[in-house]
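Colleague: here's a sequence, model it:
(2 chains, ligands or ions: 1)
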Amino acid sequence: MKEQETLAEHLRRQGISRRSFLKFCVATASLLGLPPGMAPLMAETLGKVRRPSVIWLSFQECTGCTESLTRSHSPTLESLLFDFISLDYHHTLQAASGEAAERAREEAMKANYGKYLVLVDGSVPLGEGGAYSTIAGRTNLEMLEETAKGAAALIAIGTCSSYGGLPYAHPNPTGAVPVSAIVKDKPVVNVPGCPPIPLAITGVVAHYLMFGALPELDEKGRPLSIYGETIHDRCYRRPFYDQGKFAKTFDDRGARAGWCLYELGCKGPTTHNACATTKWNGGTSFPIESGHGCLGCSEPDFWDAGSFYQALSTPLSSLDKAAGVAAGAGVAAGAAIAVHNRAAKRAAKAGHQAVTVNDLEK
Amino acid sequence: MSDMELLLWARGPGLQGAVAVFVAGMALRLIEIYSLGRKRDLSPARPGNGGAGWATIITRSIPHKELLRTTYLTYILGYTFHIGLFVTLLLFAPHIQLFRGVLGFGWPSLPSPVVDAVALVSIAALFGMLAYRLYHPVKRFLTTFGDHAAWLLTMLPLLTGYLAFHHLLLPYTLMLAVHILSVELLLVFMPFTKLVHVATIFISRWYNGDMLGHKGARL
Ligand code: SF4
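Modeller: The predicted model follows:
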């Protein structure tokens, strides 16, 4: 790729028409909550953007986030935009390896100090001095701290880098933490999801390229425009939820009729994401549309929120043991009180003094 | 602590703790009450009153004609609230899922809009009861802090459940957590307040009926 190429030139070279680019901008603008009239302006501004320097750090992750972006539906504009921006350093995608790869990162940092974007997928292990995950002999923590120093902003891609994700799940054996627990002095935006919607990843990057700033965030550090509503708010099965029509198994009459999946463990009511509107695989569908409840993957602690097939209203752990022990303790305490009360009664009886007529006449 | 962490705590350790206190408290109170006992009534029982205790459980549960005329508001609001509460608690689909999870079995639910309407009526009745309690001089005189506490402990789960279902006031995740926590609060205090009547009401009705029957009262 030529260094000074603009995005428009890059896309043209890849055989993408202006019309498809405009369509991509319309989708991105709507996801970011920008007025539809912004799309042509967005296309124009983005088209003129020259290749920004982006360093993508992969820590304790499964590469699913990268897969989401690059393999979803080939070749998507999302993946092309991604190609355009991201090749300074990325384990999975870069050709270089070993020292050459690390050198590429260091050079990119030096050349664009203070201006480059850092995208991170995966959580950072702090346990055992960070030994659980190292790259080129260095811990993830060291690499993140060093790379973040010269960054303009950081984007945490996926639930692991946003909230700790799977490695963070109880009992968190590696002492994993999210990016925001380490980087405090730079803007960090979380794009959670396991994986995140590809358009959400590129949408945040596009927003940054266009406005030179990160989008407005919610209290969990997510772009409000993408994660502002719950799946349940926008779910097409919602009328069935409201009517109390629930599928009881994955193949019953209710399931075939497309009833609500709440009883089958759907976490849509507590999950903030755009799946129900943006959808997956080029707008084909989203999990609930395919007949499976939402897993809640864009929320913190989703691995610890009980079984994926357990309704939201049910207890996370068995109550039997607690109730059994409590019943025993209650019976023992009740018996002790009973003994005490009886003793008090007996004492009162023993201390009882008979009153005679003579006493009254005194 | 994020709203999700709060919800997970409420569904996990919070619920376990609350159920433990509830079970221990109820066992303790029931044993204490039962063990207190009464002196044996040595008089022979009057004839024709066998099963007076059981009969009283039913007769005392039906409004008394004369009392219904004079204190109809207490009856109407009380019955409306109690029936509404039980319908909401026992026939709302997500609640049945909870019982299925805990007890291992469930039962059919009512359509959510019906439960929704019933819950709203219960909330209104509960507010009506509070207003009546504050308005009526005798009731006001008899009211203690415990009565207001019991009212609040009962109102919170109903109100937060209603708000959660309709996605009102707070984000759903947080409201659901608050709803579950309010139920846990109710469970914790139930054995130690007037709300213990959940477990004792029919015992005391049976006892009163049996005692009166023994003496030959017309029931
Ligand atoms: S399927 Fe899930 S998200 Fe959709 S209405 Fe039911 S509970 Fe809500």
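
Colleague: pLDDT weak spots in the chain?
Modeller: With no chain named, the answer covers chain A. Scanning chain A for pLDDT under 70 picks out A:1-4, A:71-88, A:91-92, A:95, A:362.

Colleague: should've been chain B
Modeller: Low-confidence segments of chain B (pLDDT under 70): B:219.

Colleague: can you say which helix or strand has the residue of it found nearest the ligand in it?
Modeller: Across chain B, no residue is closer to the ligand than B:Pro94, which sits at 9.6 Å (CB to the nearest ligand atom). For glycine as for every other residue, the C-beta is placed from the backbone atoms N, C-alpha and C. Assessed by DSSP states H and E, B:Pro94 sits inside helix B:93-103.

Colleague: report whether that helix contacts chain A.
Modeller: Yes. Judged by CB under 8 Å from any CB of the partner chain, helix B:93-103 comes into contact with chain A at B:Ala93, B:Pro94, B:His95, B:Gln97, B:Leu98, B:Arg100, B:Gly101, B:Val102.

Colleague: and these as CSV, adding neighbour count?
Modeller: Output for those, formatted as CSV (neighbours: other CB atoms under 10 Å in any protein chain shown):
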residue, neighbour count
B:Ala93, 22
B:Pro94, 23
B:His95, 18
B:Gln97, 21
B:Leu98, 21
B:Arg100, 16
B:Gly101, 18
B:Val102, 16
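
Colleague: quick check: the two most widely separated of those?
Modeller: The largest separation in these, counting by CB to CB, is between B:Ala93 and B:Val102 at 15.3 Å.

Colleague: tell me the contacts of the residue of chain B closest to the ligand?
Modeller: By CB atoms under 8 Å, 6 or more residues apart in numbering or on different chains, the residues touching B:Pro94 are A:Tyr262, A:Ala311, A:Leu312, A:Ser313.

Colleague: number of residues surrounding the first one?
Modeller: When neighbours are counted by other CB atoms under 10 Å in any protein chain shown, A:Tyr262 registers 25.

Colleague: in strands only, show me the contacts of B:Pro94.
Modeller: Assignment to strands by DSSP state E places none of these there.

Colleague: pull the most distant pair out of those residues.
Modeller: Among the contacts of B:Pro94, A:Tyr262 and A:Ser313 lie farthest apart (CB to CB), at 8.4 Å.

Colleague: so what's in contact with the two at the same time?
Modeller: B:Pro94, B:Gln97.

Colleague: find the closest residue to the ligand in chain A.
Modeller: For chain A, CB to the nearest ligand atom, closest residue to the ligand: A:Gly268, 2.3 Å.

Colleague: pretty sure that residue is touching A:Cys294, no?
Modeller: Yes. Using CB atoms under 8 Å, A:Gly268 makes contact with A:Cys294 at a distance of 4.2 Å.

Colleague: now do the shared contacts for the two.
Modeller: Taking CB under 8 Å, 6+ apart as the criterion, A:Gly268 and A:Cys294 both touch A:Ile231, A:Leu261, A:Ile288.

Colleague: distance-wise, check the last one relative to chain B.
Modeller: Relative to chain B, A:Ile288 is positioned 16 Å away (CB to the nearest CB, to the nearest Å).

Colleague: does that residue count as helix, strand or coil?
Modeller: helix (DSSP: H, G, I helix; E, B strand; the rest coil).

Colleague: pull the number of nearby residues for A:Tyr236.
Modeller: A:Tyr236 has 11 neighbouring residues, counting by other CB under 10 Å.

Colleague: so who does it touch?
Modeller: Neighbours of A:Tyr236 in contact, by CB under 8 Å, 6+ apart: A:Ala276, A:Ile288, A:Glu289.

Colleague: please report phi then psi for it.
Modeller: The phi/psi pair for A:Tyr236 (degrees, to the nearest 10) reads phi -70, psi -10.

Colleague: please, which helix or strand holds A:Glu146?
Modeller: Following DSSP H and E, one finds A:Glu146 within helix A:140-149.

Colleague: contacts for that helix, please.
Modeller: Residues from elsewhere that reach helix A:140-149, judged by CB under 8 Å, 6+ apart: A:55, A:57, A:59-60, A:105, A:109, A:118, A:120, A:122, A:124-126, A:130, A:133-135, A:154, A:179, A:182-183, A:186.

Colleague: which SS state does A:His170 fall under?
Modeller: A:His170 carries the three-state label coil when classified by three-state DSSP.

Colleague: how near is the residue lying closest to it once chain neighbours are set aside to A:Ala274?
Modeller: Closest residue to A:His170 apart from its sequence neighbours, by CB to CB, 6 or more residues apart in numbering or on different chains: A:Asp304 at 5.2 Å. Look at A:Asp304 and A:Ala274: by CB to CB, to the nearest Å, they are 24 Å apart.

Colleague: please say which of these two ends up with more neighbours.
Modeller: Higher neighbour count among A:Asp304 and A:Ala274: A:Ala274, with 25 against 15, using other CB under 10 Å.

Colleague: doesn't A:Pro223 make contact with the more buried one?
Modeller: No. Assessed by CB under 8 Å, A:Ala274 is found out of contact with A:Pro223, at 9.6 Å.

Colleague: got any residues that touch both of those two?
Modeller: A:Ala200.

Colleague: longest helix anywhere in chain B?
Modeller: Longest helix of chain B, by residue count under DSSP state H: helix B:112-135.

Colleague: starting at the chain centroid, how far to it?
Modeller: For helix B:112-135, the distance from its own C-alpha centre to the chain's C-alpha centre is 14 Å (CA atoms, centre = their mean, to the nearest Å).

Colleague: quick check: buried residues in it?
Modeller: By neighbour count with 16 or more other CB atoms under 10 Å in any protein chain shown, helix B:112-135 contains the buried residues B:112, B:115-116, B:118-119, B:121-123, B:125-126, B:128-130, B:132-133.

Colleague: now the element after that helix, going C-ward?
Modeller: Next in sequence after helix B:112-135, counting helices and strands by DSSP H and E, comes helix B:137-142.

Colleague: show me what contacts whichever residue of the stretch 151-300 of chain A sits closest to chain B?
Modeller: Of all residues in the stretch 151-300 of chain A, the one sitting closest to chain B is A:Gly244 (3.5 Å; CB to the nearest CB). Shown in contact with A:Gly244 (CB under 8 Å, 6+ apart): B:Ala93, B:Ser109, B:Leu110, B:Pro111, B:Ser112, B:Pro113, B:Val114, B:Val115.

Colleague: wait, what's in contact with the residue nearest to the spatial centre of chain B?
Modeller: Nearest residue to the geometric centre of chain B (CA atoms, centre = their mean): B:Val198, 5.1 Å. Going by CB under 8 Å, 6+ apart, B:Val198 touches B:Met190.

Colleague: sec struct for it, please.
Modeller: B:Val198 ends up helix, using three-state DSSP.

Colleague: so it versus B:Leu91, what's the distance?
Modeller: Taken as CB to CB, the span from B:Val198 to B:Leu91 is 18 Å.

Colleague: so, in contact with the ligand or not, stretch B:153-170?
Modeller: No. Under the criterion of CB under 6 Å from any ligand atom, stretch B:153-170 makes no contact with the ligand; the nearest approach is 11.1 Å.

Colleague: what's stretch B:21-39 in contact with?
Modeller: Residues outside stretch B:21-39 that contact it (CB under 8 Å, 6+ apart): A:323, A:326-327, A:329-331, A:333-335, A:337-338, A:341-342, B:187-188, B:190-192, B:196, B:199-200, B:203.

Colleague: just the buried ones from the residues you listed, in ChimeraX syntax?
Modeller: Entered in ChimeraX, the line below selects the buried ones among these, by 16+ other CB under 10 Å:
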select /A:323,326,329,330,331,333,334,337,338 /B:187,188,190,191,196,199
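
Colleague: count the residues that sit near A:Gly114.
Modeller: As a burial measure, A:Gly114 scores 9 neighbours (other CB under 10 Å).

Colleague: if we ignore the residues flanking it in sequence, what's nearest it?
Modeller: Spatial nearest neighbour of A:Gly114, chain neighbours left out: A:Gly150 (5.7 Å); criterion: CB to CB, 6+ apart.

Colleague: give the contact list for the one you found.
Modeller: Residues counted as contacts of A:Gly150 (CB under 8 Å, 6+ apart) are A:Met109, A:Asn112, A:Tyr113, A:Gly114, A:Tyr116.
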